[in-house]
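Trainee: Below is the sequence, then the predicted model.
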Amino acid sequence: MGNKEIVRMENIKKSYSNIEVLHGVSLTVKEGEVHALLGENGAGKSTLVKVLMGEEKLDEGEVFWEGRAIKISNPGEAQRTGLSMIHQELNLIPDMTIAENMFAGREMKKGCIVRKQQQNRAAGEALKRIGLELEPKHKVRWLKTAQMQMVEIAKAVSFGARLIIMDEPTSSISQGESEKLFAVIKRLKAKGISFIYISHRLEEIFYIADRITILRDGTMVGEGDTEFFDKDSLIKLMVGRELKDYYPVRENRSEKRVVLSAKGLSRKREFQDIHFELRQGEILGFGGLVGAGRTEMVMALFGLTRLDGGEVELFGNSVHLKTSRSAIAHKLALIPEDRKNVGLNLQGNVTDNIMAVTEKKYSRFGCINYKKRKIMASEMIDKLSIKTGSLNQLTGKLSGGNQQKVVLAKWLLNEPDILILDEPTRGIDVGSKAEIYKLINDMAQQGKSIIFISSEMPELIGMCDRVIVLCEGRMAGTLEKEEITQEKIMALASGTEVSR
Amino acid sequence: MKKRVRSLLVITVMLAGCLGLSACSGDTKTAEAPTTEAVEETTVAEEAAPEEGEASEKETDTEETLNFVYFISHMENEFQSQLVAAVTESAEEKGINLTVISADKDPAKQVSQIENAVAAGNIDGALLQATSADGVTAGVQALKEAGVPTITLHEAITAQEEVTSYVGPDLPTIGLIVMEHVCEELNGKGDIAILVGVMGNSVQVSIAESYDKILAEYPDINVVFRDTANWETDEALAKVENWLSTGKHIDTIVCMNDSMAIGAMQAVNSAGETGNIKIYGSDAVEQAVAAVKNKEMTGTVYFDVTEEGKAAIDTLYDAANGVEVEKEVLMPPALVIEDNINELFPD
Amino acid sequence: MKYKVMAGLKKTSIFWALLLLVIIMSILSPSFLTGRNLANVVKQISINGILAVGMTVVIITGGIDLSVGSIVSLSSIVAAMFAVANSGYPLFVPVILALSTGVLVGLFNGAGVAYAKFPPFIITLSSMTIVRGISLLVTNGIPIFGLSDGLINLANGTSLGIPNLIYYLIAVFAAGSFLLNFTVFGRHLYAVGGNEISANSSGIHVNFVKLAAYSISGFCAGLAGLLAASRITSGNPTTGEGYEMNAIAAAVIGGVSMSGGKGGLIGTIIGALLIGVVQNGLDILGISAYYQKVIQGLIIMVAVFIDIRNSKNS
């Protein structure tokens, strides 16, 4: 690939309500290059790409496309220029077919009649060109997240996109699917298409990116070819300090009494015959591919859905957790996978969210004690070092890491014995991740028992005492601390190795 | 894909079929066999016999009991209820089979109700209390084409020449006698306020015209306020409260119905002006009659609803039996005031 | 500092709009700013205000209650039936029955939304027509009049020189504000409206909260019906038509978000006042009622537009 630059952003400045969030950032992407854009949440990555896509107006600075200065004032213009962005929340219409989605807004037609056959053929070809074997007549609803992403990529390519921006594409797909995605990216790269790639997963950055630009607090703090960086130097640049002990050290791991024992947990079409024991002070990991039934299992365990079969014992007593209320009464807590839709009320402020579970506990005769409420909320904010403007800040305006801490605060206030954490660090920047790991570790140290679901294998290895791997709703195997390795988890998760 | 095309085709054909059928039924069956047309012609010529091209055994049946349909605009107030009761009673006396269908004030609904009834057949006469003077012309056409004798009841329509007859109050006269009385009472000089019904409603329009006719004769009568309260008590109450708080002088408030007059009366009462401001309504509902008796209201207009219902059935009965009827059967209104109230409404 | 002042102004823009309108009206008509006329305004908004309080509670949960206008008519009829001067029932009988009528319909709506999972729009649209139908059936379309002085006095009397109606509005407003701001239940209302799934997983009894919200709206409508009967001294099956729209308008003008989870009663009351002032002002100026509708529509548009702009900027 030549050294021809495709896009250059120079000295970009942008303010939101008088607060400058980009202080003169520059970014150059060359043709056929995968350019990683790194930084903690709030560093200005999203704002920068939004400016590039014309979703936000820049206050100062210039954008060059193939050397010519251009002004992009809306996403439509960006698309015509050859820019395309694939958001974390995918923009496909579930009940339309793949082909219809790919041609939405620019249907192939004769008069006012859509030429479906022709459209299907063209869509099929576009998919094949990026190495995808998908039936264009299928509805998007039944695709996996990873497949939807590929469809979006195919759509972008068929639009004639020459620079594709991907915002955390792997945050909600499994490792195997990520590899397929990388294969597609490499194939398109060879055709001269460039990528801006935003991710928090450093491992994959080293695998896929050619060059890296690192942002911190709205300024560029580093740029260069990937080979000049290693994990530590990247983290150091991103957080501005060295992260010793990324995964905290566990002490005092003596086996204690069984807190929760599950036997034969089943729910139709979701998971079958799951059994495990959780001990006091233990961090029990659940690994597996996305869709392996882990989230569904803990939802049922927490009373949000009904179990079809199985028994749950808490501290030796058989219990029936039919609603979240009874689970809460038994001192369970669930930090859900879908933070924005299940974990938080984004329309409510920080205090409201922190108090959501324990509102009754701190009230008298059904009336709120505002003073106490304020004290409790600020105590939790201090304890978890939640960065928020005020107690009345809308949670929707917080960064992902701080939102997750608010969810944690809400549950910790109820002093649970058993914490279920479902992908607690998804989409969270490195700094906050380390803080959350430490929190989890501290809680285990204090004797709380933890169920830890994660699709990031380093996390499972670094955090857990034991890992149970699920594959297609069934238990594929259990790994003790010493045997947890990426390879073993992967083998069990993908069903290539049968459980002992 | 092919399957979908096929199912689309089937649906399209079905829809087309429905449209075609409905067009036929509305179209005096021109598309049908000539024999039917012949039957139709003879029945139209005879006029007296039921005009449906139906089975013959039914014809002998309908000669004994006539089937009338009363298309009523709505049944939501005292007056309407009284009218329905009156019509039903007279129909029973004559042994007529009467069906009442309410359109809930919706002209489009009324038109489709008429069309459905015509399509279903077995209708020997129609009483139509139109929801709107202009909005139901299509329904009237359908009735005419099916040869159903039709009487507009209580409210005349714009296409009045298309129907057999009109039975109802002499609306212009209501407006005339009330306003005439008010102006004379003030000796041709004074300030009045007027509350009208829903604008555009045929009753409202025709009474308003009469008001204006009289007011033109009395240049010294000053209309201080004039607005709609949509026939409703609560709206009239708020409106008159607001008028009174301007401090402008008002001698008399003229309302197009009693519901509004009752609202006006409450506003006047709570302003402590009972008796100082005269209030006139119309329809002589119970509460208004009681108010006139205890001098909270000055007057209302009465015409005999029972008579109106009876006249409607009588006229339609004659028309259905081929007897020539008057184009207009008007019920005379009477002004009800303190002087004659005990005569008309003895305790 | 300047920024803060601007933000404060924006937040209360609806209040300034009301103030501006009051100033304009008092310039146009000298009789606007008289004690008697202001009493009129508040009297006339109080029924809508009471309905709007209940409506706000429901809208905060992310729902809507279209049945309140019909409840007003039915409960006014129930009150009238048991308060006819010669019926001999003590005053508390019609009062209790009218209120329970409202609560009953509210419970029906709430159960439909919470347990049968009807969309709020659909279930309350159904109960709106059902209840209206019952009102007409019960009365045969004929208003019931001749009510006892006790009942008529409920709304029409004055205490300390202030019309009674205003006290009811203040009481309902105060109770509603207390409920929304100072009770656990109030917080739960916002939580459910903000994110139902999150509320459920936090152990909040979502179904109960919804049931209660519609019952509160029903209660407010029942009270409004009782007062309407008293005010027009009759139980009338056609009263209350379109009241639901005015109540929704008041809430929306006051900044209550139709998607739920946001808004409060102060805005709602100002919204109701705004509608009332427009109506009153135009009546005083002798401008046709049809202009009132046009203007009310425009106010809703402008209010929501400002709201959208504000939430975008912040």
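Mentor: Yep, that arrived. Numbering: from 1, shown residues only, chains lettered A, B, ... in the order given.

Trainee: who in chain A is up against chain C?
Mentor: Counting by CB under 8 Å from any CB of the partner chain, chain A comes close to chain C at A:17-18, A:302, A:304, A:323-325, A:327-328, A:334, A:336, A:341-348, A:352, A:355-357, A:359-360, A:363, A:366-368, A:370, A:410. Where you see a C-beta, it was placed from the backbone N, CA and C, and this is true even at glycine.

Trainee: Tell me the buried residues within the residues you listed.
Mentor: Buried members of those, counted by 16 or more other CB atoms under 10 Å in any protein chain shown: A:302, A:304, A:323-324, A:327-328, A:334, A:336, A:342-348, A:352, A:355-357, A:359, A:363, A:368, A:410.

Trainee: Next, count neighbours for A:Lys263.
Mentor: Using other CB atoms under 10 Å in any protein chain shown, A:Lys263 has 15 neighbouring residues.

Trainee: Ok, B:Val224 next?
Mentor: A count of nearby residues for B:Val224, using other CB under 10 Å, gives 17.

Trainee: so what's the residue nearest to it when sequence neighbours are not counted up against?
Mentor: Distance criterion CB to CB, 6 or more residues apart in numbering or on different chains; nearest residue to B:Val224, sequence neighbours excluded, is B:Asp191 at 4.8 Å. Residues counted as contacts of B:Asp191 (CB atoms under 8 Å, 6 or more residues apart in numbering or on different chains) are B:Ile221, B:Asn222, B:Val223, B:Val224, B:Lys248, B:His249, B:Ile250, B:Asp251.

Trainee: average model confidence for stretch A:83-93?
Mentor: Averaged across stretch A:83-93, the pLDDT comes to 82.

Trainee: distance of the residue of the stretch 201-314 of chain C found nearest chain B from B:Cys255?
Mentor: Residue nearest to chain B within the stretch 201-314 of chain C (CB to the nearest CB): C:Asp283, separated by 3.6 Å. Going from C:Asp283 to B:Cys255 by CB to CB, to the nearest Å gives 15 Å.

Trainee: which one of those two has more residues nearby?
Mentor: Each of C:Asp283 and B:Cys255 has its neighbours counted (other CB under 10 Å); B:Cys255 has more, 29 against 25.

Trainee: Does that one touch B:Lys278 like I think?
Mentor: No. With contact defined as CB atoms under 8 Å, B:Cys255 does not count as touching B:Lys278 (11.2 Å).

Trainee: Can you mark which positions in stretch A:216-224 are buried?
Mentor: For stretch A:216-224, burial by neighbour count (16+ other CB under 10 Å) applies to A:Arg216, A:Gly218, A:Met220, A:Val221, A:Gly222, A:Glu223.

Trainee: likewise stretch A:139-153?
Mentor: Neighbour counts over stretch A:139-153 (16+ other CB under 10 Å) mark A:Val140, A:Leu143, A:Thr145, A:Ala146, A:Gln147, A:Met148, A:Gln149, A:Met150, A:Val151, A:Glu152, A:Ile153 as buried.

Trainee: what's the answer for stretch A:190-204, then?
Mentor: Across stretch A:190-204, burial judged by 16+ other CB under 10 Å covers A:Ile193, A:Ser194, A:Phe195, A:Ile196, A:Tyr197, A:Ile198, A:Ser199, A:His200, A:Arg201, A:Leu202, A:Glu203, A:Glu204.

Trainee: Indicate whether the helix or strand harbouring C:Leu38 makes contact with chain B.
Mentor: Following DSSP states H and E, the helix or strand that holds C:Leu38 is helix C:35-60. Yes. Contact of helix C:35-60 with chain B (CB under 8 Å from any CB) involves C:Arg36, C:Asn37, C:Asn40, C:Lys43, C:Gln44.

Trainee: same for that helix, what does it pack against?
Mentor: Contact here means 3 or more CB pairs under 8 Å, 6 or more residues apart in numbering or on different chains; DSSP states H and E; on that basis helix C:35-60 packs against helix B:233-245, helix C:68-81, strand C:162-163, helix C:164-182, helix C:184-194, helix C:206-231, helix C:243-253, helix C:265-284.

Trainee: tell me the angle of the longest one relative to helix C:164-182?
Mentor: On the basis of axes from the mean of the first three to the mean of the last three CA atoms, to 10 degrees, helix C:206-231 is oriented at 170 degrees to helix C:164-182.

Trainee: just the second one next, same as before
Mentor: With the same axes, to 10 degrees as the criterion, the two stretches helix C:68-81 and helix C:164-182 enclose an angle of 130 degrees.

Trainee: Report whether helix C:68-81 contacts chain B.
Mentor: No. Judged by CB under 8 Å from any CB, helix C:68-81 makes no contact with chain B; its nearest approach is 9.5 Å.

Trainee: So which bits of that helix are buried?
Mentor: For helix C:68-81, by 16+ other CB under 10 Å, it's C:68-81.

Trainee: Show the subsequent helix or strand relative to it.
Mentor: For helix C:68-81, the following helix or strand on the C-terminal side (DSSP H and E) is helix C:92-114.

Trainee: next structured bit after that next one?
Mentor: The C-terminal neighbour of helix C:92-114 among helices and strands, as given by DSSP H and E, is helix C:120-139.

Trainee: wait, A:Arg373 sits on A:Asn353?
Mentor: No. Using CB under 8 Å, A:Arg373 makes no contact with A:Asn353, being 12.0 Å away.
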